[in-house]
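In: Dropping the sequence and predicted coords here.
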Number of protein chains: 2
Amino acid sequence: MSKRILCVGLVCVDFKTVVKQYPLEDTNQRTMDTIMERGGNASNSATVLSMLGCDVEYFGTVSDCQNKNFIMSDFEEYGVNISNIVICNNSKCPVSIVIVNSENGSRTILHSNRCLRELTYEDFKMVDLSLYNWIHFEGRPNNDDIRLMILDIKKYNLSVDCHKRITISLEFEKIRTYPLDIIPLVDYAFFSKDYAKHYGFNDMETFVSQKSAEKNKTVICAWGECGAAAKIPDSSVVTSKAFPPKQMVDTTGAGDTFIAACLYSLIHGLSLEEALDSGCCLAGAKCGIMGLRGLKNSREITYTCKKKKDMVNSR
Amino acid sequence: MSKRILCVGLVCVDFKTVVKQYPLEDTNQRTMDTIMERGGNASNSATVLSMLGCDVEYFGTVSDCQNKNFIMSDFEEYGVNISNIVICNNSKCPVSIVIVNSENGSRTILHSNRCLRELTYEDFKMVDLSLYNWIHFEGRPNNDDIRLMILDIKKYNLSVDCHKRITISLEFEKIRTYPLDIIPLVDYAFFSKDYAKHYGFNDMETFVSQKSAEKNKTVICAWGECGAAAKIPDSSVVTSKAFPPKQMVDTTGAGDTFIAACLYSLIHGLSLEEALDSGCCLAGAKCGIMGLRGLKNSREITYTCKKKKDMVNSR
């Protein structure tokens, strides 16, 4: 694997505070800890892919504010390439305040983005597509631009040899109106449990069955405590159980970790079922630790990498 | 007034996020705004005193972390002297996450202080007391050190002419066990409504009566929507009504603003009743705006300053 994975989407700063109990309104509480972390779905997935040993790049907008240096040095610390990021003046970095309840690991997110613009198709045109073998998009409000970016990749894919083609994945996590007609353009579509539930689905199997049939595409959905399900068109639903940690510590970024482990497995030729298993395993490990840092030396990272190695050796 | 006011206590960074409604646990919400502000009781009071035109200094510990530059440049922007601050290595700046509910102005505070040490008596000994005419202490966990600092000022006061003496005030805001035997050592003791209520008091008049009688000292207590009350020993209770803004926007720092306006009035020779009136007026204005910045050009700052001027002219 000499080529790179590109993760396109948001980077923000998370101020994560760990509380003994969820705060009642208008009270004053001493928290157990408050940490500043780099966050954002695409940014988190890139971090985990780097921990898994991939050559990975983050692509998105970064504001030229007081948090820029923190963001850039944090990407560097985790070995994530940021050579194409777009620095935006006169803007402020999006900030999320994340309240983590140490009793149950719940995360309450208060996100604020005042003025940082989204990535445009013009920005994307600067990227040299020949560098990548996989491009993952985080669904953001810039739907029209994402569509143009994906169409560009499709066009590129038609112009090169089969083995040089770029696999495209897309995540719809937030509850907002996404243009679902983008899905047929991509190879893998990830949906969140929140999204599926918002549209009236009560289980992951029904959701992936229906969405995959509708769009004739591979659809993947992680469902927290139930694990994850996926479906390739004209094939049966595959699932993985969840791997909950002994203690729920912090569920922020679990979905991004799931996606990273799936991408890693699929890039290395593992089956969709094996990818779900790796995804659930690594996401479970993530829920047992604060932030992403501790994941690097976890058993589960070793397990995910070993599975790929075993697979490659057995060929 | 050629001498300076010294405010001793905490400076921290507040991440203040304004929400449409108070967040339910484990949800994800877009907030109206998130701003980074310098906070801490002593730091806030110093800011307001500077807005009122006083020569004022903040004294406390500041960690040598990524937030140090923000804190120092923000003090500078507001004209607060910080020539004696103690920079501490290997520590992190205390951080408060403040959730402001735009529906009702409530502020829910999640405070975290991992490792920044409190000010010590040794630090205080470096300060040249001859520069100041008023020293205000924010009650912090370093009670024994605060006691030694106050005893030093008392000793200094005995060594100088009457007009060179330093007035001492102290605030007990948080609900913790303060050594109440410090109170007889100071000139003015400020207590919060939360503190009074925690100790079983249901109104400000009874609280200041009893505490003033017990300690034979002037006791002041602000009580939010009821205004404020104060009592000088052997004198009757004086009160001021509250001056609520048209709309409650953000109550963070209202208590610190109240104290600043009281100090300003008392330093300029106004009566305790007039000081309470200024305190309530300015604190009310503060509740009607986000943060402290907008206070600078407010009618209420002008009103407070004018009252002092009228008083001086009428002598």
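Out: Received it, and whenever you're ready, just let me know what you need.
In: Double-check that residue A:110 belongs to a strand.
Out: Yes - assessed by DSSP: H, G, I helix; E, B strand; the rest coil, residue A:110 belongs to a strand.
In: who's it bridged to?
Out: residue A:97, residue B:29 (DSSP bridges).
In: Retrieve the pLDDT associated with it.
Out: Reading off the confidence values, residue A:110 has pLDDT 95.
In: for the one 3 residues further on, same thing?
Out: Here the pLDDT value assigned to residue A:113 is 84.
In: That one: how many residues sit nearby?
Out: 20 (other C-beta atoms under 10 Å in any protein chain shown). C-beta coordinates here come from the backbone N, C-alpha and C atoms, glycine included.
In: list the buried ones in stretch A:116-133?
Out: Using 16 or more other C-beta atoms under 10 Å in any protein chain shown as the test for burial, stretch A:116-133 gives A:116, A:118-119, A:123-124, A:127, A:129, A:131-133.
In: Of those, which is the nearest to chain B?
Out: residue A:116 (12.4 Å; C-beta to the nearest C-beta).
In: Including pLDDT, could the buried residues of stretch A:116-133 go into CSV?
Out: Below are the buried residues of stretch A:116-133 laid out as CSV (pLDDT from 0 to 100):
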residue, pLDDT
A:116, 92
A:118, 95
A:119, 96
A:123, 97
A:124, 97
A:127, 96
A:129, 97
A:131, 97
A:132, 98
A:133, 97
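In: Which one of those is nearest to residue A:198?
Out: The shortest approach to residue A:198 among the buried residues of stretch A:116-133 belongs to residue A:118, at 22.1 Å (C-beta to C-beta).
In: excluding its backbone neighbours, what's nearest that closest one?
Out: residue A:142 (3.7 Å; C-beta to C-beta, 6 or more residues apart in numbering or on different chains).
In: Pretty sure the one you found sits against residue A:119.
Out: Yes - using C-beta atoms under 8 Å, residue A:142 is in contact with residue A:119, at 6.2 Å.
In: Neighbours of residue A:79, how many?
Out: Counted with other C-beta under 10 Å, residue A:79 comes out at 15.
In: all strands for the stretch 201-315 of chain A, in order.
Out: A:218-222, A:228-231, A:238-240 (DSSP state E, counting those that start in this stretch).
In: Spell out whether the first one and chain B are in contact.
Out: No - where contact is defined by C-beta under 8 Å from any C-beta of the partner chain, no part of strand A:218-222 touches chain B; the two come within 15.5 Å at best.
In: Could you check how far that strand is from the centre of its chain?
Out: 13 Å (C-alpha atoms, centre = their mean, to the nearest Å).
In: got TSV for the buried residues of stretch A:116-133, with secondary structure too?
Out: Conversion of the buried residues of stretch A:116-133 to TSV gives the following (three-state DSSP):
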residue	secondary structure
A:116	coil
A:118	coil
A:119	coil
A:123	helix
A:124	helix
A:127	coil
A:129	helix
A:131	helix
A:132	strand
A:133	strand
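In: Which of the residues you listed sits closest to residue B:50?
Out: So of the buried residues of stretch A:116-133, ranked by how close each gets to residue B:50 (C-beta to C-beta), first place is residue A:116, at 32.3 Å.
In: That closest one: what's it in contact with?
Out: A:61-63, A:88, A:91-94 (C-beta atoms under 8 Å, 6 or more residues apart in numbering or on different chains).
In: what do you get for residue A:139?
Out: A:146, A:170-174, A:178.
In: at 10 Å instead, please
Out: Neighbouring residues of residue A:139 by C-beta atoms under 10 Å, 6 or more residues apart in numbering or on different chains: A:9, A:41, A:146, A:170-174, A:176, A:178-179, A:182, A:189-192, A:195.
In: And residue A:42, by the same measure?
Out: So residue A:42 contacts A:6-11, A:58-60, A:119, A:136-138, A:140, A:171, A:256, A:259 (C-beta under 10 Å, 6+ apart).
In: That'll do, ta.
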